[in-house]
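1. Let me see the structure of the following:
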Amino acid sequence: MTRTSVRAVLLSLLALVAAVAVGCGSSDDDSSSASTSGGSGSDKKVVLRVGTQKDGIRAVLQKSGQLDDLPYEIEWSTFVAGPPLVEAAGADRIDVAWVGCAPPIFGAAAGASFNVIAAVKERDSQENRLLVPKDSSITSIADLKGKKIAVPRGTSGHAFILNALKSEGLSSKDVEFAFLAPPDALAAFQSGSVDALSVWDPFATQAIATLDAKEIAAGEPYEHGLGFEIASSAQLRDPAKVAAIQDYLRRLQAAWTWAGDNPDEWAAAWSEDSGLPLEVTRIAARRKASDIVPLDGEIVDSQQRLADLFFSEGELTRRVTFTDIVDESVYGDRAAN
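-> As a prediction, the model looks like this:
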């Protein structure tokens, strides 16, 4: 397998966003944006640049009423996956975003200028699923030896499959990875050009619902449903922007609490916002209930083990010390007020 630098991978993923639509009937890309403002007055408001995927974030905030009376404006940008979100934060093109467990590690290896400011825990501890065609002879992780697996590089799906392989005494050398962005990975799976797919919701749910995929493994013990809120390092030097980020995270947590009690309302709004089928978002909305939590030693240690695994598998060009990108001053008990 030919290796390129991690930065080249991140940049190439970012370039894909302009050309690749995510979900069904969607044409959003990383340059698309819309502003949401609240309140009134002549003073110039802070503009908070929020990066999203097809993750239902904007929909849950809107539907739950958390975008009402904002003391700042929000400029939304939609990306295809976590790695280009990290790249955008490092380039100071966005202020804050939610990504999976692996993108911050790849961003740190590439020297991107961003920080991890909080953790996100999915309540069911499941984010990714290992899928095979319905009639596949693959019935276990051990059966993947010698097979071709589609997975977006540097994502939580990448972390999930490496941990799954490790559990059976296998490594990336025992399989062939087809590193593809989610829409291309789904297309490859549908065409039969790959034997398996490792991807997160809502894409995993979409594959099961529309491509007749069969689930082989999901969630623990290969992952713990752990993601992160990241922020541009440059913007964390601006007190007004930090205050807006803190307020945004509080609103997002309140929105997720609302979603736990109103999953069907979130699903309908998510479908409308993203173009994903309602049959997909109805399932995903129940699976994606999450909580924003402060960074703690257990979380940091888990991420360090993952960073070490990526390095030992030859997926990183240099070792990553996860604490180097952690900033605990924004969210939680150590937050600066």
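2. Chain neighbours aside, what residue packs nearest to residue 245?
-> Of all residues not flanking residue 245 in the chain, residue 96 sits nearest, at 5.2 Å (C-beta to C-beta, 6 or more residues apart in numbering). To be clear about C-beta, it is placed using only N, CA and C from the backbone, and glycine gets the same treatment.
3. Downstream of the strand or helix carrying residue 242, the next helix or strand is which one?
-> Assigned by DSSP states H and E, residue 242 belongs to helix 239-261. Helices and strands here follow DSSP H and E; after helix 239-261, the next one along the chain is helix 263-274.
4. Which stretches in this structure count as helices?
-> Shown for the chain, the helices assigned by DSSP state H span residues 6-17, 57-63, 82-90, 103-109, 156-167, 182-191, 203-210, 239-261, 263-274, 278-287, 297-312.
5. quick one on the thing from earlier: packing partners for the helix holding residue 242?
-> strand 47-52, helix 57-63, strand 96-99, strand 290-293 (3 or more C-beta pairs under 8 Å, 6 or more residues apart in numbering; DSSP states H and E).
6. out of the ones you listed, deepest packed?
-> strand 96-99 (a mean of 26; mean count of other C-beta atoms under 10 Å).
7. Which strands or helices does that one pack on?
-> Using 3+ C-beta pairs under 8 Å, 6+ apart: strand 96-99 touches strand 47-52, helix 82-90, strand 226-232, helix 239-261.
8. returning to what we had before: can you redo the helices and strands packed on helix 239-261 as CSV with distance to residue 155 and mean pLDDT?
-> Shown next, in CSV, are the helices and strands packed on helix 239-261 (distance: least, C-beta to C-beta, whole Å; pLDDT from 0 to 100):
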stretch, distance to residue 155, mean pLDDT
strand 47-52, 15, 96
helix 57-63, 17, 93
strand 96-99, 9, 96
strand 290-293, 17, 93
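9. Of these, which is nearest residue 70?
-> With distances scored as C-beta to C-beta, the stretch of the helices and strands packed on helix 239-261 nearest to residue 70 is strand 47-52 (8.5 Å).
10. What angle do helix 239-261 and the closest one make with each other?
-> Counting by axes from the mean of the first three to the mean of the last three C-alpha atoms, to 10 degrees, strand 47-52 lies at 40 degrees to helix 239-261.
11. got the angle between strand 47-52 and helix 263-274?
-> Using the same axes, to 10 degrees: strand 47-52 against helix 263-274 is 100 degrees.
12. Stretch 158-173: which residues count as buried?
-> The neighbour-count check on stretch 158-173 (16 or more other C-beta atoms under 10 Å) flags 158, 159, 160, 161, 162, 163, 164, 165, 166, 170, 172 as buried.
13. Stretch 115-133 now?
-> So stretch 115-133, judged by 16+ other C-beta under 10 Å, has buried residues 115-120, 122, 126-133.
14. returning to what we had before: point out the most buried one among the helices of the chain.
-> Note that of those, helix 82-90 is the most buried (mean count of other C-beta under 10 Å), with a mean of 29.
15. what's the spacing between residue 54 and residue 244?
-> For residue 54, the distance to residue 244 (C-beta to C-beta, to the nearest Å) stands at 24 Å.
16. can the helices of the chain go into CSV with extra columns for distance to residue 144?
-> Shown next, in CSV, are the helices of the chain (distance: least, C-beta to C-beta, whole Å):
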stretch, distance to residue 144
helix 6-17, 23
helix 57-63, 32
helix 82-90, 23
helix 103-109, 23
helix 156-167, 7
helix 182-191, 14
helix 203-210, 16
helix 239-261, 34
helix 263-274, 30
helix 278-287, 23
helix 297-312, 17
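17. comparing these, which gets the lowest mean pLDDT score?
-> Lowest mean pLDDT within the helices of the chain: helix 6-17, a mean of 36.
18. I'd say residue 273 and residue 57 touch.
-> No. Residue 273 lies out of contact with residue 57 (C-beta atoms under 8 Å); the separation is 9.1 Å.
19. just the buried residues of stretch 158-173 now: which is nearest residue 304?
-> For the buried residues of stretch 158-173, the nearest to residue 304 is residue 159 (12.9 Å; C-beta to C-beta).
20. how far away is the closest residue to the closest one other than its chain neighbours from residue 204?
-> Leaving aside its sequence neighbours, residue 159 sits nearest to residue 102 (C-beta to C-beta, 6+ apart; 4.4 Å). For residue 102, the distance to residue 204 (C-beta to C-beta) stands at 16 Å.
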